[in-house]
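Chemist: Predicted model follows, preceded by the sequence.
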Amino acid sequence: MNVRPLLSLVLAAALLAGCTTHTDFSDTAGFPSPGSSSASGQEGALSSVNVPFTLAVYADYSLHPVLAENRANLTLSPLLYEPLFQLDPQFQPEGVLCRSYTVSEDKLTWTFTLHSGITFSDGTLLTGQVVADALNLARQEDSRYAQRLADVASVSGEGNTVSVTLSRPNGALPALLDIPIALGDGTRPAGTGPYVLTEDGQDLSLTARSGWWQDKQLPAQELSLREVRKADDLLSAFSSGDISLVEVDLMGTNALGYSGSYETWDYTTTDLLYLGFNTQRGLCRSAQARQALALAIDRRSIVQTDYARHAVAAALPIHPDSPLYSQSLTQQGEYNPEQLVSQLEELGLQNSSLILLVNNENAAKLAAAQRIAYQLDAAGLSVTLTSLPFEEFTSALSQGEFDLYLGEVVLTADFDLSPLLSANGSLNYGQWQDEQISSLLDAFRTSDSSSRPAAAQALYAYLMQQVPIAPICFKNGSALTQWGRLSGLSPVRGNVFYHLENWTIQ
C-alpha cells in the first residue's frame with residue numbers, strides 16, 4: 001500500500017422555499033409575549049454564582065455574528081443575538097424571533113411575521129426592515145452565510161413582516177434561517193439576546209438584560225470574559241481553569257490539545273464524511289461495483305476508534321437523528337467483508353487496482369482511509385492509498401486522477417445534496433451523470449413537511465442502488481467545560497447555549 005492523507009469540501013448549499021400552509025409558533029415555541037411578565041421576573045429568576053463563569057473573547061476581532069470569523073467570538077453569538085429560527089437536536093426549525101409564516105403556492109415567496117415589541121439592547125425596535133437588512137448583509141460576498149443564501153433573489157421588510165423571494169423553491173427554508181440578527185454592520189452591534197456586552201475600562205463582560213423579551217431564567221447575572229489574543233492563550237487559560245467553556249472540533253485539522261480536568265459535551269452537526277467514486281472511468285463506473293466497494297466501510301470502527309466517538313455512523317447522507325433517516329434502507333449497505341469478497345468474485349473484480357485519494361492534513365481522516373484501504377486489500381484488491389496536501393488533493397480530484405476519494409462536506413441543515421450530486425454540482429468530483437437524480441433532488445428540495453418523508457425515502461432508496469457516494473459518518477462538535485462547573489447543557493449546532501435556562505453553574 002502506497003501511503004501518502006482528505007479534503008474538507010465545504011458544501012454551502014442553496015437556501016430556499018416553502019409550503020402552502022400557515023405555521024404559527026406563538027403557542028408551540030414556549031416564548032412569552034415581549035411585554036408580558038413572569039411570576040418570578042427576570043432579575044429575581046437569576047441564580048447567584050460565587051465563582052465567575054468565564055468565556056473567551058478576542059477583543060481585537062469582530063463580534064458581528066454574520067461577519068466575524070473568530071470561533072471563540074462566534075461561540076458568544078447566541079448570548080447576544082437571536083435568529084428567526086433555531087434548529088433543535090433533530091435539525092428541525094423552532095421559531096424564535098419569527099412568530100409565524102406563510103408560503104406562496106409556488107414556494108418561492110415566504111412571509112415571516114415577527115413577535116411584536118422586541119427591542120435590541122440599545123432600545124431599537126425589531127422590525128421587518130431591520131431583519132431584512134440583516135439578512136441582506138448575510139447575503140453579501142464577505143459573509144459566512146453567502147453561499148447558503150445564494151438562491152435568495154430578494155429580501156424586504158415592512159412593518160412586522162419580512163418577505164424572502166427565492167430563485168428556486170425550497171420547502172425547508174426555515175431550517176436555513178438560523179442566522180443571528182444583529183443591528184447594523186459594526187464590529188460590536190446590538191442584539192436582541194439575553195445578554196449585552198458591557199465594558200469597564202479594559203474589561204469586558206456579558207450582563208443579563210432586564211428587559212429581555214423571552215423573560216426566561218438565566219444562570220447568572222453576569223458572565224465574565226477573558227481576553228485572549230492567540231490560540232496558545234486560549235489553550236493555557238482553559239487548561240488552568242481561567243476560562244470555563246470552549247467550543248471545539250476535537251477531530252478537526254490542527255485541533256488544539258486541551259488538558260486539565262474537563263467534561264466534554266458533544267452535539268450533532270451536518271459535517272459528513274463520505275467515500276466518493278469516480279463514476280466516469282475504471283471499475284467504479286459500475287453501480288454494482290460501487291455497491292460492493294461500499295461494503296468495505298467499517299463505520300463502527302471508524303467512529304469509535306479513528307474519530308474517538310466524536311462522530312455518528314450514517315449510511316445515508318442525512319444525520320441519523322433526523323426524522324427523515326431510514327434505518328431499513330441502511331441494512332443493504334452495512335459493513336460486510338464476506339459479502340464484499342463474494343460480490344467481487346461474482347463481478348470478476350479480484351486483483352483489480354484502485355487509487356484511493358485522501359488529504360493528508362487530518363489524522364482521523366487518514367486513519368479512516370487506511371482502514372478502508374486495508375479492508376479492500378484484504379478482499380483481494382490492490383489499493384494505492386495516496387495522501388496529498390490540500391491543493392494537490394483538490395487538483396487530483398478536479399482532474400479525475402482517482403478511483404476512490406475520502407471527502408468531507410458541511411451540508412446545510414436542509415440536507416440538500418445538489419452541489420454534491422447534481423450534474424453541474426460544484427462538488428461532484430465523481431462526475432456522476434444521472435437523469436433521474438435531478439428530479440429526485442428537486443422533489444426533495446421543494447417538498448413541504450407533509451410530502452418530505454416520501455421524497456426523502458425515494459431519494460435515499462435510489463442513492464442506495466446507485467451509490468455515487470457512500471456516507472460514512474457525521475462528525476460531532478464539542479463544548480468543553482471545567483469539571484463539575486456546569487450541569488444542564490444541551491448544545492446544538494451553532495448554539496452551545498441552547499436552552500440556557502436549564503443551566504446550573506456551580
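Modeler: Yep, that arrived. Not measured: the values here are computed from a predicted model.

Chemist: Tell me the spacing between the closest residue to residue 97 other than its chain neighbours and residue 192.
Modeler: In space, and not counting its chain neighbours, residue 97 is closest to residue 84: 5.1 Å by CB to CB, 6 or more residues apart in numbering. All C-beta atoms are positioned from the backbone trio N, CA, C, and that covers glycine. According to CB to CB, to the nearest Å, residue 84 stands 11 Å off from residue 192.

Chemist: For residue 328, list the residues it contacts.
Modeler: For residue 328, no residue counts as a contact, taking CB atoms under 8 Å, 6 or more residues apart in numbering as the criterion.

Chemist: so which strand or helix has it?
Modeler: helix 327-330 (DSSP states H and E).

Chemist: Common neighbours of residue 84 and residue 192, please.
Modeler: Common neighbours of residue 84 and residue 192 (CB under 8 Å, 6+ apart) are 97, 181.

Chemist: Just the helices from the chain, written as ranges.
Modeler: 42-45, 71-80, 128-139, 231-239, 287-294, 299-301, 327-330, 337-347, 363-378, 390-398, 418-421, 435-446, 452-466 (DSSP state H).

Chemist: Go through those and find the least confident stretch.
Modeler: In terms of average pLDDT, helix 42-45 trails the rest of these, at a mean of 37.

Chemist: what number of residues lie near the residue nearest to residue 97?
Modeler: 27 (other CB atoms under 10 Å).

Chemist: State which strand of this protein is the longest.
Modeler: strand 262-277 (DSSP state E).

Chemist: What score does the most far-flung residue of the chain relative to its centre have for pLDDT?
Modeler: The centre of the chain is farthest from one residue, residue 348, which by CA atoms, centre = their mean lies 40.8 Å away. pLDDT, residue 348: 94.

Chemist: residues touching it, list them.
Modeler: With CB under 8 Å, 6+ apart, residue 348 has no contacts at all.

Chemist: ok, now with 10 Å
Modeler: Residues near residue 348 by CB atoms under 10 Å, 6 or more residues apart in numbering: residue 283.

Chemist: about what we covered before: state the distance from the residue nearest to residue 97 to residue 431.
Modeler: 37 Å.

Chemist: Then residue 205?
Modeler: Residue 205 is 53 Å from residue 431, by CB to CB.

Chemist: more neighbours, those two?
Modeler: The neighbour comparison of residue 205 against residue 431 (other CB under 10 Å) goes to residue 205, with 19 against 14.

Chemist: That one bridge partners, please.
Modeler: Beta-bridge partners of residue 205, counted by DSSP bridges, are residue 198, residue 224.

Chemist: Correct me if wrong: residue 479 contacts residue 245.
Modeler: Yes. Applying CB atoms under 10 Å, one finds residue 479 in contact with residue 245, separated by 6.1 Å.

Chemist: intersection of neighbour lists for the two?
Modeler: Contacts common to residue 479 and residue 245, judged by CB under 10 Å, 6+ apart, are 75, 262-263, 265, 486, 489, 491, 496-497.

Chemist: between these, which is nearest residue 380?
Modeler: Of all the shared contacts of residue 479 and residue 245, residue 265 has the smallest distance to residue 380: 43.5 Å, by CB to CB.

Chemist: The closest one and residue 478 touch, don't they?
Modeler: Yes. Using CB under 10 Å, residue 265 is in contact with residue 478, at 6.7 Å.

Chemist: Next, show the common contact partners of the two.
Modeler: 247, 491, 496.

Chemist: got a winner among those residues for most neighbours?
Modeler: residue 496 (24 neighbours).

Chemist: What sits closest to it if chain neighbours are left out?
Modeler: residue 479 (4.5 Å).

Chemist: How many neighbouring residues does that neighbour have?
Modeler: Around residue 479 there are 20 residues (other CB under 10 Å).

Chemist: partners of it in the sheet?
Modeler: residue 247, residue 265.

Chemist: list the contacts for it?
Modeler: Contacts of residue 479 by CB under 10 Å, 6+ apart are 75, 245-248, 262-267, 486, 489, 491, 496-497.

Chemist: Specify which member of the residues you listed is nearest to residue 438.
Modeler: Using CB to CB, those come closest to residue 438 at residue 267, 33.3 Å.

Chemist: is it true that that closest one touches residue 478?
Modeler: Yes. With contact defined as CB under 10 Å, residue 267 and residue 478 form a contacting pair (7.4 Å).

Chemist: and for these two, which residues touch both?
Modeler: Joint contacts of residue 267 and residue 478 (CB under 10 Å, 6+ apart) are 247, 491, 496.

Chemist: so where's this structure uncertain?
Modeler: 1-51 (pLDDT under 70).

Chemist: same thing but at 90, please
Modeler: Filtered on pLDDT under 90, the chain yields the residue ranges 1-52, 105-107, 142, 200-203, 210-211, 252-261, 330-333, 350, 435, 506.
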